[in-house]
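Peer 1: below are the sequence and a predicted model; questions follow.
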Amino acid sequence: MAKIYVLLAEGFELMETTVPIDILKRAGIKVTTLSLNKTPSVNSAQNIPIIADEIFKDYKDADGIFLAGGYSNYENLFRSDEAFRMIDFYLKNNKFIFAISGAPYSLAKHNLINNRTISVHKTYEEKAKEFCNISSLPITLDKNLITCKSTGFVQDLAFKIVKILAPNKLEKVKKGLGIL
């Protein structure tokens, strides 16, 4: 069974987090949310608290890590040295990093994805050009880095993750959601 960790820091974008979690779980992918707070409770950018499955630990056993947008979230992610090291480990060991909205820019400005091609929220495109190649596509795959422009494409990103990690489940999930 495929496995994903979702890192949650204060200020994460609610839809960018919960929609993929829902779709990935429907596909039978094990999703574990990890709070970077000292408690399991993490507030979204919309001030809606979510209770994470666990307090953050430096796990290296998943197929990938999911990073949502939300300005505070992706800034707070990198205030944790442990989270930084975990993300770096996944990138260097060909495990997937899935990042949406401003999260790809945060990866770039922390020199984790230099010279990679990314999709990033339009407000960060110019800044990200200093570190990365910017794709005009809503979702970009560059080796083990899969990035997405914005919340408007979050469902498509979740389907892309399912296609990568549980391809035999994609049609069933889409049918269950009334898309097919």
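Peer 2: Happy to help now that I have it.
Peer 1: what segments of the protein are helices?
Peer 2: For the chain, applying DSSP state H gives helices covering 14-26, 71-77, 81-92, 103-109, 125-128, 154-165, 170-176.
Peer 1: just name the most buried of the ones you listed.
Peer 2: helix 103-109 (a mean of 27; mean count of other C-beta atoms under 10 Å). (Glycine included, C-beta is placed from N, CA and C.)
Peer 1: contacting residues around that one?
Peer 2: 67-69, 73-75, 77-78, 87, 97, 99, 113-114, 116, 118-121, 124, 127-128, 130-132, 145, 147 (C-beta atoms under 8 Å, 6 or more residues apart in numbering).
Peer 1: just stretch 158-176 next, same as before
Peer 2: The set of residues external to stretch 158-176 that reach it, using C-beta under 8 Å, 6+ apart, is 2, 4, 19-20, 22-24, 26-29, 63-64, 66, 96, 98, 139, 141, 146, 180.
Peer 1: can you flag the buried ones in those?
Peer 2: 2, 4, 19-20, 23-24, 26-27, 29, 63-64, 66, 96, 98, 139, 146 (16 or more other C-beta atoms under 10 Å).
Peer 1: which of those sits closest to residue 38?
Peer 2: Residue 38 lies nearest to residue 66 out of these, by C-beta to C-beta, at 21.6 Å.
Peer 1: list the contacts of the closest one.
Peer 2: So residue 66 contacts 4-7, 17, 20, 98-99, 161 (C-beta under 8 Å, 6+ apart).
Peer 1: beta partners for the residue nearest to residue 96 when sequence neighbours are not counted?
Peer 2: In space, and not counting its chain neighbours, residue 96 is closest to residue 64: 3.1 Å by C-beta to C-beta, 6 or more residues apart in numbering. Under the criterion DSSP bridges, residue 64 forms beta bridges with residue 4, residue 96.
Peer 1: again, but for residue 51
Peer 2: Assigned bridge partners for residue 51, using DSSP bridges, are residue 41.
Peer 1: so who does it touch?
Peer 2: Contacts of residue 51 (C-beta under 8 Å, 6+ apart): 40-42.
Peer 1: any quick PyMOL command for the buried ones out of those?
Peer 2: To isolate the buried ones among the contacts of residue 51 in PyMOL, judged by 16+ other C-beta under 10 Å, type:
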select buried, resi 40+42
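Peer 1: and the closest residue to residue 156 other than its chain neighbours, how far is that from residue 159?
Peer 2: By the measure of C-beta to C-beta, 6+ apart, the closest residue to residue 156 outside its immediate chain neighbours is residue 139, 6.1 Å from it. In this structure, residue 139 and residue 159 are 9 Å apart, going by C-beta to C-beta, to the nearest Å.
Peer 1: again with residue 9
Peer 2: Taken as C-beta to C-beta, the span from residue 9 to residue 159 is 25 Å.
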